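Peer 1: Okay, here's the prediction I keep looking at, along with the sequence it came from:
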Amino acid sequence: MTTMTLAKALNNGLRRAMEDDEKVLVMGEDVGTLGGVFRITDGLQKDFGDDRVIDTPLAESGIVGTAVGLAMRGYRPVVEIQFDGFVYPAYDQIVCQVAKLHYRSGGRIKMPMVIRIPFGGGIGAVEHHSESPEAQFVHTPGLKVVACSNPADAYGMIQQAIRSDDPVIFLEPKRLYYSVKGEVDETAVPAPLWQSRVVRPGTDATLVAYGPTVSTCLDAATVAAEEGRSIEVIDLRTLSPLDLVPVLESVRRTGRLVVVHEAHMTLGMGAEIAARVTEECFHSLESPVLRVGGYDTPYPPARIEESYLPDLDRVLDAVDRTFGF
């Protein structure tokens, strides 16, 4: 077991994948010489060469389009999008090509590529550097979407995503890159990639989150425990396919659910989860499913972003409201 940051866990996971399969390539803006803007690919070009760790032009559509061709030829490209808001120039390639080629070809063409996207706010950056575009990719059939929230998951999930024959949007909570540390057993068999997980058991209410808001919900559960409430926290981990089995089981026991994410509330992941839980657990619910998320505005200036992001007080307020019905 080794203690490491989420950033280091991703770096080690990429390194391990490249050691295991020479068809794995890393490509993106500044991923080679610089090691990426967040240093996630630090040292990889030195160790694997510039034919496997490729610095690209500042052209996201061209990066993803090139990766499509490489994937069709049997390689496993790992594309880094430098910031979440920079993915939109590549959106046409992702939605029209990456997501559809396997289906369009009747299964003859596989698309084993990973698109890494640092996402979310909390780093004091401007718009286009602090966005949460996950729902747009979850809404696209043909893509798989996952989000890590801790170093152990980051290490295992990036390798599992690279081994997948389907295209994976891999979301990395940028504000957790260096702010959290955790134990990583690099010899352990990782949990299945497409499964949610209960990260804190509880009996009174359920909190569901993914990526950067998992730690917020765990903090909220700790504070709630001091007030005598037992809160269960579930880390979704996989957004598409969406594994709601642990969520449904939890809600049937607790009768209360709050979904927390940084993305805009309207048509966000919380809306889908609320609808499906209501369909499946209507008679178990003691209150409506509540959501805590970003507001329906463009991402705000850094000086007021803490008022935009879901925080401990907003999550605890939602938990309190579930007990008011």
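Peer 2: Happy to help now that I have it. From a predicted model like this one, the values you see are computed outputs, not experimental measurements.
Peer 1: Hmm, L290 is touching D320, no?
Peer 2: No. Counting by Cβ atoms under 8 Å, L290 does not reach D320; the two are 10.1 Å apart. Where you see a C-beta, it was placed from the backbone N, CA and C, and this is true even at glycine.
Peer 1: And the strands in this structure?
Peer 2: All strands of the chain, identified by DSSP state E, fall at 2-5, 24-28, 53-55, 76-80, 114-119, 144-147, 168-173, 181-184, 197-200, 205-209, 231-235, 238-240, 257-264, 290-294.
Peer 1: now, of these, which is deepest in the fold?
Peer 2: When you average the neighbours per residue for each of these (mean count of other Cβ atoms under 10 Å), strand 205-209 leads with a mean of 29.
Peer 1: That strand pairs with which strands, and in what direction?
Peer 2: Next to strand 205-209 in the sheet, as set by DSSP bridges, lie strand 231-235 (parallel), strand 257-264 (parallel).
Peer 1: Tell me which of the ones you listed lies nearest to G124.
Peer 2: strand 257-264 (14.6 Å; Cβ to Cβ).
Peer 1: And the protein, what are its domain boundaries?
Peer 2: For the chain, automatic domain parsing gives the domain ranges 2-184, 197-322.
Peer 1: Lowest mean pLDDT among the helices and strands, pick that one out for the chain.
Peer 2: Ranked by mean pLDDT, DSSP states H and E, the weakest helix or strand in the chain is helix 305-308, scoring a mean of 92.
Peer 1: just how off-centre is it within its chain?
Peer 2: Helix 305-308 has its C-alpha centroid displaced from the chain centroid by 20 Å (Cα atoms, centre = their mean, to the nearest Å).
Peer 1: With stretch 58-68 instead?
Peer 2: The chain centre lies 21 Å from the centre of stretch 58-68; the measure is Cα atoms, centre = their mean.
Peer 1: Using CSV, write out every CA atom in that stretch.
Peer 2: Provided in CSV are the C-alpha atoms of stretch 58-68 (Å, rounded to 0.1, in the frame of the first residue of the first chain):
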residue,chain,number,x,y,z
LEU,A,58,-4.0,23.2,-30.0
ALA,A,59,-6.8,21.6,-31.9
GLU,A,60,-9.2,19.4,-30.0
SER,A,61,-11.1,18.3,-33.1
GLY,A,62,-7.9,17.3,-34.7
ILE,A,63,-6.7,15.4,-31.6
VAL,A,64,-9.8,13.4,-31.3
GLY,A,65,-10.1,12.8,-35.0
THR,A,66,-6.5,11.5,-35.1
ALA,A,67,-7.3,9.2,-32.2
VAL,A,68,-10.3,7.8,-34.0
